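Student: When you get a sec, could you give me coordinates for this:
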Amino acid sequence: MSKNLVSSALDAAVVPGFSRIGFAVRSRMNNWQKVSSKNLHGRVIVITGPTSGLGASVARTLAATGASLVLVGRNKEKCDAIASELREDFPHTPTAVVIAEMGNLQSVADASRSLRSQFPRIDVLIHNAGALLNERTVSAQGIEQTLASHVLGPFLMTTMLRDSLRAANGRVITVSSGGMYAAALPQLHAGETMELSTYNGSRQYAIAKRAQVTLNELWAQEEPHIEFVTMHPGWADTPGVQDSIPLFRLLTKPILRTEEQGADTIAWLAAVHPLPSVSGTFWCDREVRATHKTPSTKKSDTPRAREALWQWCVDSVQSFVN
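Tutor: Model (predicted):
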């Protein structure tokens, strides 16, 4: 059986493909080069959510390449701590910190202005920040927090950093989730909303992650001089999984990926050049994946639904863009 057929079979079976089994098989079959062995000196890479889990693992991997890292997080003490750790372990890697709460659009706008003034050229922007919330909360702007943090905050930051990304023919990487396969695209043009009428944290998270994947494709059409990719990390044993879905973690712990395995494709997408596919693609384990697994979610993904999602994002962030 060919490598592609093996990988596709793992993906179709879901559990082995999303678990550490899929990572182990694919990495060995393809003899993956370690991302940390690459030389990325001179490149500027912005990472949101860098203080724990996948974000911290990505930061450590990319620090070894010599890239200039900009860590964007809401907690200054935690950001400073990981920045200090990286400077100690990788003294020749420039590391900066910018504070932003990705679910607060005013905070994102302020941070984006700071980023573009400090870094007129940004090679890679990694949207990783976010969490699965089991109780409904709202942002400072009154927006449901999952949508604010995962959809609108990243959309605003990408919009405001366009010039810096264009200057580098840069790349935007969005960390999605395999959970999005269970979510249809909301039909905003038909009166649906982006928020569930009865709150369910896992379901709302899946809707936000579906929106991220669709917006990735729309950004690729909108901005031909910037590359856009999104990915899912498989099932990784991160603090977010431990805190938000403890029963799932209990049942799957023996097969969960390590943080490093979950973060591998994020770091690889930040480092690989040229991109071995087209802008707008969705990845897992260094391979392009389909964005739908069921007819029902594919049926929802219409031009009108896409246009309505894009317009909702534009309208939601418009007053903060300057």
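Student: Put the alpha carbons of stretch 135-147 into PDB.
Tutor: Extracted as PDB, the C-alpha positions of stretch 135-147 are listed here (Å, rounded to 0.1, in the frame of the first residue of the first chain):
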ATOM      1  CA  GLU A 135     -19.800  28.200  30.500                       C
ATOM      2  CA  ARG A 136     -21.000  31.100  28.300                       C
ATOM      3  CA  THR A 137     -19.100  34.300  28.800                       C
ATOM      4  CA  VAL A 138     -19.000  37.500  26.700                       C
ATOM      5  CA  SER A 139     -16.200  39.800  25.600                       C
ATOM      6  CA  ALA A 140     -15.700  43.400  26.500                       C
ATOM      7  CA  GLN A 141     -17.700  44.200  23.400                       C
ATOM      8  CA  GLY A 142     -20.600  41.900  24.400                       C
ATOM      9  CA  ILE A 143     -19.700  39.100  21.900                       C
ATOM     10  CA  GLU A 144     -19.800  35.500  22.900                       C
ATOM     11  CA  GLN A 145     -16.200  34.800  24.000                       C
ATOM     12  CA  THR A 146     -15.500  31.700  21.800                       C
ATOM     13  CA  LEU A 147     -16.400  33.600  18.700                       C
END
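Student: List the contacts of that stretch.
Tutor: Outside stretch 135-147, the residues that touch it by Cβ atoms under 8 Å, 6 or more residues apart in numbering are 101, 103-107, 130, 132-133, 148-149, 152, 194-195, 199, 201, 204-205, 207-208, 211, 316. In short, each C-beta sits where N, CA and C put it, glycine included.
Student: List only those of those flagged as buried.
Tutor: Neighbour-count burial (16 or more other Cβ atoms under 10 Å) applied to the contacts of stretch 135-147 gives 101, 103-105, 107, 130, 132-133, 148-149, 152, 194-195, 201, 204-205, 207-208, 211, 316.
Student: Out of these, which sit inside helices?
Tutor: Applying DSSP state H to the buried ones among the contacts of stretch 135-147, the entries found in helices are 105, 107, 201, 204, 205, 207, 208, 211, 316.
Student: Let me know the closest of those to residue 23.
Tutor: Nearest to residue 23 among those, counting by Cβ to Cβ, is residue 205 at 22.1 Å.
Student: if I pick the residue nearest to the closest one when sequence neighbours are not counted, what's in contact with it?
Tutor: With Cβ to Cβ, 6 or more residues apart in numbering as the measure, residue 132 is the residue that lies nearest to residue 205, at 4.5 Å, once sequence neighbours are left out. Going by Cβ under 8 Å, 6+ apart, residue 132 touches 146, 201, 202, 205, 240, 244, 245.
Student: Would you mind measuring from residue 132 to residue 238?
Tutor: According to Cβ to Cβ, to the nearest Å, residue 132 and residue 238 sit 11 Å apart.
Student: Ok, residue 42 next?
Tutor: Between residue 42 and residue 238 the computed distance is 30 Å (Cβ to Cβ).
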